[in-house]
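[1] only geometry, no sequence info:
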């Protein structure tokens, strides 16, 4: 089997209403979909995404720039291809859109290998379980009122979730505490609750807030400070009892090695497009396991399920429904757990009719 072409297309997923976090305002999700075609008719699929569509052309160009390294090769050589692409991006650097491109290609290569052998990626890696506890990450935004927060939290429980994440980011500590208290009151003590600051606080503010969050028994306090401030995140982690989760904006194993050595997080959150795809995610998870640190994938809910089934130190799956419209298949929630699909490759395939309806410049 030989790769014959990298085919890409841009799509835009419009949100029902704008989303606001501590540092973002989001109206749509832009994606570059990647199809790696082969001479035997099999197609591997991957994608990268961004906030809005302004930079999709740049992402698409970076992916296509890798074609010279990939076309003509056997997708089973994905480890060697990853290393060659890593060397190829040296001039532009090993963070940013260069890793986005490698991530998309690596995803599609693993998808191809699974399809070639009629096995899920989870089985290729070595399956450890067939389900994973999921937290709903699709709401409880900073822009919502307390009444809206409580109603949505109860709605997540009605849908079958036993865990959920809310966002923080109000100017004053007391405001965020009031909102967390309201959600905890609405869901009771037995539902797992996470809180995400989206990098919105200073170190001192995060410590003050974190100490006052202790009574609400949060699973984790996510990205309390800027992602590049590893020493600051380590200070917060050392000062409060609630675990700190971070890493969604970190790149490759070297970035996560720095986080582990500095004690910057108690839970690592690799993102498939930033970490560099399936291959690098696995390396990061194994490295974290050596430190007895759990891992929870960021976004990429569909593709990450295969990793959740194979890597024993993954503790939660993030359920973010933004990308569901792209796929023929749906995620399955049972008793608060997401089932790991036992389908070839990554287990989710792009729906051409759905994609056609949201294609950019269609």
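    Thanks, I have the structure now. Small disclaimer: the values here were computed from a predicted structure and weren't measured.

[2] From the contact counts, what lies against the helix or strand where residue 245 lies?
    Using DSSP states H and E, the element containing residue 245 is strand 244-246. Strand 244-246 sits against strand 221-222, helix 230-239, strand 267-268, with contacts defined as 3 or more Cβ pairs under 8 Å, 6 or more residues apart in numbering; DSSP states H and E. Using the backbone N, CA and C atoms, a C-beta is placed for each residue, glycine as well.

[3] quick one: which of these is nearest residue 304?
    Closest to residue 304 of the helices and strands packed on strand 244-246 is strand 267-268 (Cβ to Cβ; 13.2 Å).

[4] Mind listing residues that contact that closest one?
    Contact partners of strand 267-268, identified using Cβ atoms under 8 Å, 6 or more residues apart in numbering, comprise 220, 243-247, 256, 259-260, 284-285, 288, 293-296, 315.

[5] list the contacts for the closest residue in space to residue 196 that isn't next to it in sequence?
    Take residue 196 and drop its neighbours on the chain: the residue closest to it by Cβ to Cβ, 6 or more residues apart in numbering is residue 222, 4.0 Å away. The neighbours of residue 222, taking Cβ under 8 Å, 6+ apart as the test, are 165, 194-198, 244-246, 269.

[6] Distance check, residue 222 against residue 214.
    16 Å (Cβ to Cβ, to the nearest Å).

[7] between the contacts of residue 222, which has the most around it?
    The most neighbours of any of these, using other Cβ atoms under 10 Å, belong to residue 245, which has 29 neighbours.

[8] one step back: okay, the helices and strands packed on strand 244-246 in CSV with distance to residue 20 next?
    Formatted as CSV, the helices and strands packed on strand 244-246 follow (distance: least, Cβ to Cβ, whole Å):
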stretch, distance to residue 20
strand 221-222, 16
helix 230-239, 23
strand 267-268, 24
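
[9] out of those, deepest packed?
    strand 221-222 (a mean of 26; mean count of other Cβ atoms under 10 Å).

[10] List the neighbouring strands of that one plus their orientation.
    Strand 221-222 has these partner strands in its sheet, going by DSSP bridges: strand 192-196 (parallel), strand 244-246 (parallel).

[11] Compare those strands and give me the one nearest residue 100.
    strand 244-246 (19.2 Å).

[12] any low-confidence regions in the stretch 251-362 of the chain?
    362 (pLDDT under 70).

[13] Do you have the strands of it handy? List them.
    With DSSP state E, counting those that start in this stretch as the criterion, the stretch 251-362 of the chain has strands at 267-268, 317-319, 333-334, 337-339.

[14] Show me what counts as buried in the second one.
    It stands for strand 317-319. In terms of neighbour count (16 or more other Cβ atoms under 10 Å), strand 317-319 has its buried residues at 317-319.

[15] excluding its backbone neighbours, what's nearest residue 240?
    Distance criterion Cβ to Cβ, 6+ apart; nearest residue to residue 240, sequence neighbours excluded, is residue 210 at 3.7 Å.

[16] secondary structure element for that neighbour?
    helix 203-213.

[17] Then residue 174?
    Per DSSP H and E: helix 173-187 holds residue 174.

[18] again with residue 4
    strand 3-20.

[19] in that strand, what's buried?
    Buried-residue list, strand 3-20, by 16+ other Cβ under 10 Å: 3, 6, 8-13, 19-20.

[20] Of those, which is the nearest to residue 120?
    Checking these against residue 120 with Cβ to Cβ, the nearest one is residue 3 at 21.0 Å.

[21] now the strands paired with strand 221-222 in JSON lines, with distance to residue 105 and mean pLDDT?
    Output for the strands paired with strand 221-222, formatted as JSON lines (distance: least, Cβ to Cβ, whole Å; pLDDT from 0 to 100):
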{"stretch": "strand 192-196", "distance to residue 105": "29", "mean pLDDT": "98"}
{"stretch": "strand 244-246", "distance to residue 105": "26", "mean pLDDT": "98"}
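
[22] Redo those strands as CSV? Include distance to residue 360.
    Listed next are the strands paired with strand 221-222 as CSV, based on distance: least, Cβ to Cβ, whole Å:
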stretch, distance to residue 360
strand 192-196, 29
strand 244-246, 32
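
[23] Which of these sits closest to residue 124?
    The closest of those to residue 124 is strand 244-246. By Cβ to Cβ, the value is 27.6 Å.

[24] what does the closest one contact?
    Under the criterion Cβ under 8 Å, 6+ apart, residues 194, 220-224, 227, 233, 236-237, 259, 264-269, 296 lie in contact with strand 244-246.

[25] Just checking, which helix or strand succeeds the helix ranked longest in the chain along the chain?
    When every helix of the chain is counted residue by residue (DSSP state H), the longest turns out to be helix 97-117. The C-terminal neighbour of helix 97-117 among helices and strands, as given by DSSP H and E, is helix 121-125.

[26] Could you give the average pLDDT over that following helix?
    Helix 121-125 shows a mean pLDDT of 98.

[27] which helices and strands sit right next to it?
    Helices and strands touching helix 121-125, by 3+ Cβ pairs under 8 Å, 6+ apart, are helix 97-117, helix 301-310.

[28] before we move on, back to that, from the buried residues of strand 3-20, which single one is nearest residue 33?
    For these, the nearest to residue 33 is residue 9 (5.3 Å; Cβ to Cβ).

[29] gap between that closest one and residue 298?
    Here the distance between residue 9 and residue 298 works out to 24 Å (Cβ to Cβ).

[30] Residue 78 contacts residue 109, doesn't it?
    Yes - assessed by Cβ atoms under 8 Å, residue 78 is found in contact with residue 109 at 4.1 Å.
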